[in-house]
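Colleague: Take a look and give me a structure for this.
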Amino acid sequence: MIIELDPIRVLVLSIVVLWVGELITQKVGALQRFSIPIAVTGGVLCSLVVALLDVFAEVRVSFDLEIRDTLLLLFFSTIGLSAKLGTLKEGGRTLAILGAVTFAFLLAQNAVGIAMATASGQHWAYGLIGGSISLAGGHGTAITWGALGEEAGLVGATSLGLAFATFGLICGGVVGGPIANRLIRRHGLTGPDPEKEDAEKGATASGDPSFSVTSSQTIRTIFLLAICLGIGEELNDLLRERGTVLPGFLTAMLVGIVLTNLADSRKKPVDTGVVDLLGSVCLHLFLAMSLMSMQLTQLAGAFGGVALILVAQVALAVIFATQIVFRVCGRDYDAAIIAAGYAGLGLGATPVGVANMNAVTSRFGPSPKAFLVIPLVGAFLLDIVNAFVIQTYIGLLG
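Modeller: Predicted structure coming up:
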């Protein structure tokens with residue numbers, strides 16, 4: 001029996017998943033203490049239930065994820081609308097540093113994968129599948145390179161890549177919070193003064209219990225989001241016609257950056273509190289849909305071959321985030337938040353990294369610099385550097 005969930009039912013279920021995740025997080029102290037995102041808690045639980053239905057009741061659930069892609073565009077648009085010119089200037093140097101760090105991280109990630117694949121008697125190329133192709137690259141990159149690998153004779157490369165990408169997504173959402181919590185406590189770090197932040201921003205959805213949203217504020221913000229999506233799509237079409245392909249969320253975010261700074265120059269600033277609220281909702285829904293739709297039964301057979309390499313890759317990501325990313329980004333509060341985001345980024349995907357940062361900052365205070373730098377690394381630098389690193393390994397070892 002197959003149950004097909006259309007986009008509306010997927011949206012309804014994702015809301016239920018978030019509610020369950022929030023409820024469990026409130027009851028389980030460890031989840032709060034380590035800042036595990038509620039979407040990770042609820043989404044993984046839902047995927048387990050779906051797997052049990054498949055195994056014991058022979059009921060398979062399929063998900064139409066069309067709405068999820070729109071939520072991703074909306075989320076990155078809110079990131080752009082929150083990027084003030086001052087923050088952009090402040091984050092420029094950090095972004096350049098993280099570009100160099102990312103190159104080193106991807107080299108190390110593939111080196112670990114290749115070493116472990118070779119040690120287990122497998123072809124070295126399987127190590128790339130268990131490295132940056134699937135982990136830093138995510139599901140899309142895993143499918144693309146997996147298909148190419150199978151054409152070259154790597155049996156099961158696509159399914160193996162999807163397994164790595166999926167389990168990496170889960171691990172990325174689990175380790176980020178504990179990383180930031182440990183760094184904050186170990187180094188005695190504190191976030192910005194909430195009262196000062198509220199005075200600068202007006203109000204925030206998470207920092208002020210009396211925060212309220214008017215219909216006019218919401219409509220204005222939704223209008224700006226619509227502009228981001230519309231112009232971003234047109235820019236993508238224009239660039240595609242000229243042979244340049246960029247992720248849709250990158251252009252939407254860039255339009256948001258232009259809009260918010262243009263609004264500031266005209267003394268009509270964007271309602272940052274409303275933007276943060278809508279962005280948080282879109283992010284949680286996107287991540288919940290991604291995690292709850294994981295087909296764990298299809299990936300179970302590959303888990304044995306994935307587990308050992310995945311443990312090594314998680315250890316590498318944690319060491320890199322705590323010992324390198326945190327240090328080169330300034331060893332301050334922002335650096336701790338960036339480290340949490342980078343771990344999620346390196347093992348899963350950009351939204352996972354941002355969800356990690358969102359969970360931590362909801363406890364310790366905002367970090368505008370981190371919320372600008374990590375999405376830019378994930379949306380722009382990571383894919384470019386990753387493609388170069390993959391091709392370099394293939395050229396050297398192929």
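
Colleague: the helices in the stretch 101-250 of the chain, which residues?
Modeller: Secondary structure of the stretch 101-250 of the chain (DSSP state H, counting those that start in this stretch): helices at 125-128, 138-151, 157-186, 194-201, 215-241, 248-265.

Colleague: so which of the ones you listed comes closest to residue 383?
Modeller: Closest to residue 383 of the helices of the stretch 101-250 of the chain is helix 138-151 (Cβ to Cβ; 7.9 Å). Using the backbone N, CA and C atoms, a C-beta is placed for each residue, glycine as well.

Colleague: So for the closest one, mean pLDDT?
Modeller: Mean per-residue pLDDT for helix 138-151: 82.

Colleague: orientation of that helix relative to helix 157-186 in degrees?
Modeller: Per axes from the mean of the first three to the mean of the last three Cα atoms, to 10 degrees, the angle that helix 138-151 makes with helix 157-186 is 140 degrees.

Colleague: sorry, back to before: of the helices of the stretch 101-250 of the chain, which is nearest residue 316?
Modeller: Between residue 316 and the helices of the stretch 101-250 of the chain, the shortest separation by Cβ to Cβ is 11.2 Å, and it involves helix 157-186.

Colleague: buried stuff in the closest one?
Modeller: Neighbour counts over helix 157-186 (16 or more other Cβ atoms under 10 Å) mark 157-184 as buried.

Colleague: chain center to that helix: distance?
Modeller: Relative to its parent chain, helix 157-186 has a centroid offset of 10 Å by Cα atoms, centre = their mean, to the nearest Å.

Colleague: Mind checking the pLDDT average for that helix?
Modeller: The average of the pLDDT scores along helix 157-186 is 90.

Colleague: On the pLDDT front, check the closest residue to residue 294 other than its chain neighbours for me.
Modeller: Counting by Cβ to Cβ, 6 or more residues apart in numbering, residue 294 lies nearest to residue 47, which is 4.3 Å off, once chain neighbours are set aside. pLDDT, residue 47: 92.

Colleague: Residue 47 is in what secondary structure piece?
Modeller: Residue 47 is part of helix 38-56, with elements assigned from DSSP states H and E.

Colleague: Run through who's touching that helix.
Modeller: Helix 38-56 is contacted by residues 13, 17-22, 24-25, 31, 59-61, 170, 173-174, 283-285, 287-297, 300, 355, 359 when judged by Cβ atoms under 8 Å, 6 or more residues apart in numbering.

Colleague: and that helix, which residues are buried?
Modeller: 38-47, 50-51, 53-54.

Colleague: Pull out the CA atoms of that helix and give them to me as CSV.
Modeller: Output of helix 38-56 as CSV, limited to C-alpha atoms (Å, rounded to 0.1, in the frame of the first residue of the first chain):
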residue,chain,number,x,y,z
ILE,A,38,13.3,21.0,17.0
ALA,A,39,13.1,20.2,13.2
VAL,A,40,15.8,17.6,13.7
THR,A,41,14.1,16.0,16.7
GLY,A,42,10.6,15.9,15.1
GLY,A,43,11.8,15.2,11.6
VAL,A,44,14.0,12.2,12.5
LEU,A,45,11.2,10.8,14.7
CYS,A,46,8.7,11.1,11.8
SER,A,47,11.1,9.4,9.4
LEU,A,48,11.5,6.5,11.9
VAL,A,49,7.7,6.1,12.1
VAL,A,50,7.5,6.1,8.3
ALA,A,51,10.2,3.4,8.2
LEU,A,52,8.3,1.3,10.8
LEU,A,53,5.1,1.6,8.7
ASP,A,54,7.0,0.3,5.7
VAL,A,55,8.6,-2.6,7.5
PHE,A,56,5.8,-3.9,9.7
